[in-house]
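J.: all I have is the shape, not the residue letters:
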């Protein structure tokens, strides 16, 4: 099964308290309407894994928005290092 081409972009959203929040958006390239998904980040931020999940869902026909929830306490684009459990 071939997957549809997608568009990936970073956007900025206004929060109710007047702050700005960065977000990652992945969506089908072809015009919609398309169903939408709000994808929440892990504790590690909107990292490569979250972007990959967004892109896979977009290829299946969804518009996916992954907001940076730590926008008040971390710099834009924050990604924490993922600890390894291997010795």
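T.: Perfect, I can see it now. These figures come from a predicted structure and were not determined experimentally.

J.: what about the helices in the chain?
T.: 48-59 (DSSP state H).

J.: pLDDT below threshold where in it?
T.: Applying pLDDT under 70 to the chain picks out residues 1-2, 86-87.

J.: the same query, at a cut-off of 50, please.
T.: 1 (pLDDT under 50).

J.: spatially central, which residue of the chain would that be?
T.: residue 66 (2.9 Å; Cα atoms, centre = their mean).

J.: what about that residue, distance to residue 11?
T.: 10 Å (Cβ to Cβ, to the nearest Å). Yep, even glycine has a C-beta here, placed from its N, CA and C like the rest.

J.: so the residue nearest to the centre of the chain touches residue 50, yeah?
T.: Yes - here residue 66 lies in contact with residue 50, judged by Cβ atoms under 8 Å, at a distance of 5.3 Å.

J.: ok, residue 60 - contacts?
T.: 3-4 (Cβ atoms under 8 Å, 6 or more residues apart in numbering).

J.: that one and residue 26, how far apart?
T.: 11 Å.

J.: same question for residue 10.
T.: Noted for residue 10: a distance of 11 Å to residue 26, by Cβ to Cβ.

J.: the more surrounded of the two?
T.: residue 26 (24 against 14; other Cβ atoms under 10 Å).

J.: residue 43 is in contact with residue 74, correct?
T.: No - in this structure, residue 74 is not within contact of residue 43 by Cβ under 8 Å, at 11.4 Å.

J.: between the two, who's got more neighbours?
T.: Shown here are residue 74 and residue 43; by other Cβ under 10 Å, residue 74 has more neighbours (13 against 9).

J.: who's in contact with the more buried one?
T.: Residue 74 neighbours (Cβ under 8 Å, 6+ apart): 45, 68.

J.: which phi and psi does it have?
T.: phi -130, psi 150 (degrees, to the nearest 10).

J.: renumber starting at 8 from here on
T.: Done: numbering now begins at 8, and the last item shifts to residue 81.

J.: give me phi/psi at the nearest residue in space to residue 35 that is not next to it in sequence?
T.: Once flanking residues are discounted, residue 35 sits nearest to residue 11: 5.1 Å by Cβ to Cβ, 6 or more residues apart in numbering. When read as degrees, to the nearest 10, the backbone of residue 11 gives phi -70, psi 150.
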